[in-house]
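In: Output the structure for:
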Amino acid sequence: MQAFPTLESMKQRIDEMNRLVVLLSQKGKYKQAIDLALPIRDLSQKIYGENHPRFAASLNNLGELYRQGFRLVVISSGFARNLAGQNEISRSARNDKRKS
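Out: Below is the predicted model:
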């Protein structure tokens, strides 16, 4: 029969998961980091309670991941729009050249 994890082992597991979240975010893998940060938030809430600084830190970390991930999406979509705009300008210039 398997024993239930101790409170201390659960806290250590949260710390290990947090380190992995940091590594993923440093590599720009925000979706994977968020997918791991969500259960960390839930575990922190259950283990520490809503008024504990560790739970607040888990919320802050999750918010930062969303912010960084959103920033990357905005930058990427802006880059794609710029490329599309440059292609449109190039096409327009070629068409103008053909007309002359």
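
In: Where does pLDDT dip in the protein?
Out: The model of the chain has pLDDT under 70 over residues 1-2, 72-100.

In: So which elements touch the host helix or strand of K46?
Out: Element membership for K46, per DSSP states H and E: helix 30-48. Contact here means 3 or more Cβ pairs under 8 Å, 6 or more residues apart in numbering; DSSP states H and E; on that basis helix 30-48 packs against helix 7-26, helix 53-99. (Each C-beta comes from the backbone N, C-alpha and C, glycine too.)

In: For stretch 62-69, C-alpha coordinates in CSV please.
Out: Only the C-alpha atoms of stretch 62-69 are listed here, as CSV (Å, rounded to 0.1, in the frame of the first residue of the first chain):
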residue,chain,number,x,y,z
LEU,A,62,1.4,32.8,-13.5
GLY,A,63,0.5,36.4,-14.4
GLU,A,64,4.1,37.1,-15.5
LEU,A,65,4.0,34.0,-17.7
TYR,A,66,0.8,35.2,-19.3
ARG,A,67,2.2,38.7,-19.8
GLN,A,68,5.4,37.4,-21.4
GLY,A,69,3.5,34.9,-23.6
